[in-house]
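Colleague: What follows is a predicted structure for the sequence shown.
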Amino acid sequence: MRFFRLIVILLLFVGCQSASKETEIVIISINDVHARFDHLDQFSAYVKKIREQHPNVILLNAGDLYHGNSLVDYYYDKGFPIVDIMSTIGFDVVMLGEHEFSYGQSTLARRMLQSSAKNFACANINTDSAMLPNIPPFAFLKRDGVRIGVVGLVQEKPDINPTYLKGIKFYEPIAYFNTQKSLRSECDILIALTHMKFEKDSLLAQQYGMLDLIVGGSSHIVLDTGVMVNNVLITQAGRFLEHCGKTTIKIKDGKIVSRHNEVIDIASLSDRDDVTAQKIAQYRDNPDFFRVVGKLTTSIAGRMNVGNFLCDAIRDRTKTDFAVQNIMGVRTDTLNAGPLSIKDIYQADPFANELVRFETNYKDLSIFLLRNYEKYARVDLCISGFSYTLNVKDGKPISVNISMPDGKPMDKNKAYSLTINSYVANNYDIPVAREYGSNLSMTTVEAIENYMRINREVSFISNERASVRFVK
């Protein structure tokens, strides 16, 4: 009997010790990789090292894995290389950022099937009427008995070509988190994995102090030790995988006893994973991207000038009077004199939006230019076939003077043809109804490539095509 009592006491003691043990959860997080290869082999080596050191590691991706590297964006199956490389690392939860949609829904669906990620999560979208499969609102993980809930939230209005979002409903993320807050009672740790900028993360924390951690994206900022808002820890790790977040949470008796966040400088790490490095080298050595399609006899410096050159090419190949391109769609500051490759074109215009033709006139073009300046408070458009001067008074554009290439004023009684890309057609405030545009079944990149192939050698003269005149 005494032996039996001793066994019972020992079992109770062991049980109490087990119940009161402290468990450490290590969360490695990345955001806004934008398809960059540069530090993936270093990151892979770092993750392996942390997994060897800690038994309870969670790997999170806060979105925008895609779009920003021509080797990925223009691979024959868009996005394939970055997912192939990342699949060797193995993520626990992946959130969909706005640029996950940049290749269209059917391509995104293929990338999701290809991925080795254990879970995708996004609570505030509905894909019932879309091509995408249904995406769970949250992921539920367990580590050493600790229950962890991860809720995904994306910004309400992704800045993406609307044609890629057809059938998808986006809901206001903070309000929609309310539908998931019951998860709190089922979790020891509750995490919001977001892609909606730091300001929105802060508002989420202010409203829902029940959260333990917000792993965010989209702002491209580095929060070295994280930021505490309403007792919620918020972290972001910049962009391009130059950094990653490492959040250590200690929990005891079902309660969090400490949270510590640091940002790891991945770009400075010396260890590299050989398997990942080999995959990177394989995709970088793609001869299709180094094919020369023509030659620039002069260098083109400045993003506006690069954009104007792209507009010249588009106008030439679409045989229209004018061409207009949003400057944010131009992603190269310089095109050097000499051979121009496919890669150079892709880097200058990574979006490859379809081209749309409109009929316009002096009045409609003037309204478009005035509205655009008023919205952005700057010259935002690269152009070809005309030049213009905006007259601005007290910060407001009041009139515009439009001239033709020969310096003569634009004819106010004549009709002109205008080519713009589908992003501008769908997102900018144009005075002509969108349904009156004609899709040209040609992308911006196709037009530029064809222009170079036909002309072979191109000399571009940099000049100021748009200016602002401040009047009293």
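Modeller: Received it, and whenever you're ready, just let me know what you need. Computed from a predicted structure; not experimentally measured.

Colleague: shouldn't residue 236 be in contact with residue 223?
Modeller: Yes - counting by Cβ atoms under 8 Å, residue 223 is a contact partner of residue 236 at 5.0 Å. C-betas here are computed from N, CA, C, even on glycine.

Colleague: Now list whatever residues contact both of those two.
Modeller: 198, 245 (Cβ atoms under 8 Å, 6 or more residues apart in numbering).

Colleague: Neighbour count: the two, which is higher?
Modeller: residue 236 (29 against 20; other Cβ atoms under 10 Å).

Colleague: May I have the phi/psi pair for that one?
Modeller: Dihedral pair for residue 236: phi -140, psi 150, per degrees, to the nearest 10.

Colleague: With residue 230 instead?
Modeller: phi 60, psi 40.

Colleague: Nearest residue to it in space, ignoring adjacent ones along the chain?
Modeller: Nearest non-adjacent residue to residue 230, counting by Cβ to Cβ, 6 or more residues apart in numbering: residue 209, 4.4 Å away.

Colleague: likewise residue 34?
Modeller: residue 68 (3.1 Å).

Colleague: Give the full set of residues in contact with residue 21.
Modeller: Residue 21 neighbours (Cβ under 8 Å, 6+ apart): residue 252.

Colleague: which residues does residue 389 form a beta bridge with?
Modeller: residue 401, residue 467 (DSSP bridges).

Colleague: so it touches residue 467, yeah?
Modeller: Yes - Residue 389 is within contact range of residue 467, at 4.9 Å (criterion: Cβ under 8 Å).

Colleague: Compare the two (neighbour count), which wins?
Modeller: For residue 389 and residue 467, the more surrounded residue by other Cβ under 10 Å is residue 389, and the numbers stand at 16 against 11.

Colleague: who's in contact with the more buried one?
Modeller: 400-401, 466-469.

Colleague: from those, which single one is nearest residue 260?
Modeller: In terms of Cβ to Cβ, no member of the contacts of residue 389 lies closer to residue 260 than residue 468, at 49.3 Å.

Colleague: give me every residue that touches that closest one.
Modeller: Neighbouring residues of residue 468 by Cβ under 8 Å, 6+ apart: 373, 379, 389-390, 392.

Colleague: What pLDDT is listed against it?
Modeller: Looking at residue 468, its pLDDT is 95.

Colleague: For the residue nearest to residue 230, grab phi and psi.
Modeller: phi -70, psi -10.

Colleague: So it sits against residue 231, correct?
Modeller: Yes - counting by Cβ under 8 Å, residue 231 is a contact partner of residue 209 at 5.6 Å.

Colleague: picking up where we left off before, looking at the contacts of residue 468, which is nearest residue 47?
Modeller: For the contacts of residue 468, the nearest to residue 47 is residue 379 (44.1 Å; Cβ to Cβ).

Colleague: and that closest one, how many neighbours?
Modeller: Residue 379 has 19 nearby residues by other Cβ under 10 Å.

Colleague: again with residue 436
Modeller: 11.

Colleague: Now that we're looking at the residue nearest to it when sequence neighbours are not counted, what pLDDT does it have?
Modeller: Counting by Cβ to Cβ, 6+ apart, residue 358 is the residue found nearest to residue 436 once chain neighbours are left out, at 6.6 Å. Looking at residue 358, its pLDDT reads 93.

Colleague: again, but for residue 412
Modeller: Among the per-residue scores, residue 412 shows a pLDDT of 95.

Colleague: what about the helices in the chain?
Modeller: 2-19, 40-53, 70-73, 80-86, 105-114, 173-177, 198-207, 274-284, 303-318, 342-348, 362-376, 422-427, 444-455 (DSSP state H).

Colleague: Of all those helices, which one is nearest residue 396?
Modeller: Of all the helices of the chain, helix 362-376 comes closest under Cβ to Cβ, at 6.7 Å.

Colleague: I'd like to know which elements that closest one is packed against.
Modeller: Helix 362-376 sits against strand 387-393, strand 396-403, with contacts defined as 3 or more Cβ pairs under 8 Å, 6 or more residues apart in numbering; DSSP states H and E.
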